[in-house]
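Enquirer: Can you look at this prediction? I've put the sequence above it.
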Amino acid sequence: MRRFMSALSSAAVLLLLALPAHGQDFRTGLDTFISGGYETALGVWTPLAEAGDVDAQFGLGDLYEGGYGVAPDLAEALRWYRMAAEQGDEDAQLTVGLRYYAGEGVAQDYVQAHMWFDLAAAQGQVDAANFMKIAAYLITPEDVSAARRMAREWWEAHQ
């Protein structure tokens, strides 16, 4: 029993030590991105993003959208932004909404845009409510209802 508790204690210490390193890895990527080391940021963020790190996913979206260290690819950018948005990141939800609104990397779809703006606004993303009003102006009341229903269903599925 003592061995088990010792192993469990050691595992807990290793886990706690690993947590700051994960955040530090993202920070390393961010620092290199800011200083123009885009390929290094790509190399740091890709495994983090694939493991589900929301910040790294959003960062990869920025790299692919801007063509920083990679060929510009709006569809790939949207894929990474959407991964972060699906995890509930309100800035990523706003960004996905903007991509649907503008038809960048995806077919233009004001209903989808409204839904993503709705999700972001519900979490307090300050710009999302204004964009939601603009999208609502461009679609029918029935489409607004559909977008709101889609947002409710998203919340229910992600609670």
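Expert: Good, I have the coordinates.

Enquirer: Do you have the helices of this protein handy? List them.
Expert: Along the chain, counting by DSSP state H, helices occupy 2-34, 38-50, 54-66, 74-86, 90-102, 110-122, 128-138, 141-158.

Enquirer: would you turn these into TSV with mean neighbour count and mean pLDDT?
Expert: Where C-beta positions appear, they are placed from N, C-alpha and C, glycine not excepted. Converted to TSV, these look like this (neighbours: other Cβ atoms under 10 Å; pLDDT from 0 to 100):
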stretch	mean neighbour count	mean pLDDT
helix 2-34	12	51
helix 38-50	18	92
helix 54-66	22	95
helix 74-86	21	96
helix 90-102	23	97
helix 110-122	25	97
helix 128-138	17	95
helix 141-158	14	95
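
Enquirer: Next up, the contacts around Leu42.
Expert: Leu42 is in contact with 60, 63, 69-70, counting by Cβ atoms under 8 Å, 6 or more residues apart in numbering.

Enquirer: Name the nearest of the residues you listed relative to Trp116.
Expert: Within the set of these, Leu60 lies nearest Trp116; the separation is 18.4 Å, counting by Cβ to Cβ.

Enquirer: Now for that closest one: which residues touch it?
Expert: By Cβ under 8 Å, 6+ apart, the residues touching Leu60 are 42, 45-46, 49, 77, 80.

Enquirer: same thing with Met132?
Expert: With Cβ under 8 Å, 6+ apart as the criterion, the residues that contact Met132 are 114, 117-118, 121.

Enquirer: list the contacts for the residue nearest to Ala146 when sequence neighbours are not counted?
Expert: Ranked by Cβ to Cβ, 6 or more residues apart in numbering and with sequence neighbours excluded, the top spatial neighbour of Ala146 is Val111, at 5.9 Å. Val111 makes contact with 139, 143, 146-147, 150, according to Cβ under 8 Å, 6+ apart.
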